[in-house]
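Visitor: 3D, please:
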Amino acid sequence: MSQSNLIRIIIQNYIESSNCFDIITKDGITTDQFAISRSDSLFVQVSLSIRQVHLQIPAILRSVSIAKNLDYYQNKICHEISSIPDTEQIKLILQILRVIIIALFLKLDKLMTKKTNYSLTDDNHFLEWNKYSEQVLIATSTIFVGYQRGSTETKILDTIKGTLNYIGISMSMIDKEMSYLY
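Guide: Below you'll find the predicted structure:
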């Protein structure tokens, strides 16, 4: 699937319809399992025993922490978005962040469904996911908390360019697909 089609499907399935949902059903922190139970045209249900897998993939411990926080923000953004007028630029910025978060979760979903025996190479893939996902988490929390406090910090979006390359999309692709919404 082309990245343009991926963005279009994310927007149609989750953004346009204001379809708010938790991606994670078991967080791997308060439970032994980390689970993405969403099953649709993009997500595959997957569950890992963190206690077992972290010995093969030490980076998974940080991954579940980042994922839990990203899921929190994507859901908060979804619930907040309907109260923001379409004319406010922050609405588009928050929606863009939600698209990026969902794309990151799709990448994590693929990493988790890859196989049952993991290796050092897999740990490196999770380390890479952590690096880019953490950048998005920092940007999202800064922008969302700033919005809640009445200030909009949008320059921080520049810090996630590497993440966009990592997931194989560009801001112009997202802008093009989102343009008909606002």
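
Visitor: can you map out the helices along this structure?
Guide: Counting by DSSP state H, the chain forms helices over residues 3-10, 50-53, 60-81, 89-113, 120-148, 161-167, 171-178, given from the N-terminal end onward.

Visitor: quick check: angle from the first one to helix 89-113?
Guide: Per axes from the mean of the first three to the mean of the last three Cα atoms, to 10 degrees, the angle that helix 3-10 makes with helix 89-113 is 110 degrees.

Visitor: Quick one: mean pLDDT over stretch 173-182.
Guide: Averaging pLDDT along stretch 173-182 yields 84.

Visitor: so residue 47 sits right up against residue 35, yeah?
Guide: Yes - here residue 47 reaches residue 35: they are 4.0 Å apart, a contact under Cβ atoms under 8 Å. (Glycine included, C-beta is placed from N, CA and C.)

Visitor: any common contacting residues for those two?
Guide: With Cβ atoms under 8 Å, 6 or more residues apart in numbering applied, the overlap between the contact sets of residue 47 and residue 35 consists of residue 26.

Visitor: Of the two, give the one with the bigger neighbour count.
Guide: residue 35 (17 against 13; other Cβ atoms under 10 Å).

Visitor: how about that one, what does it touch?
Guide: Applying Cβ under 8 Å, 6+ apart, the residues contacting residue 35 are 24, 25, 26, 28, 45, 46, 47, 48.

Visitor: Of those residues, just say which sits nearest to residue 61.
Guide: Compare each of those with residue 61 using Cβ to Cβ and the shortest gap goes to residue 28, at 8.2 Å.

Visitor: Any chance of the backbone angles for that closest one?
Guide: As for residue 28, its main-chain torsions (degrees, to the nearest 10) stand at phi 70, psi 0.
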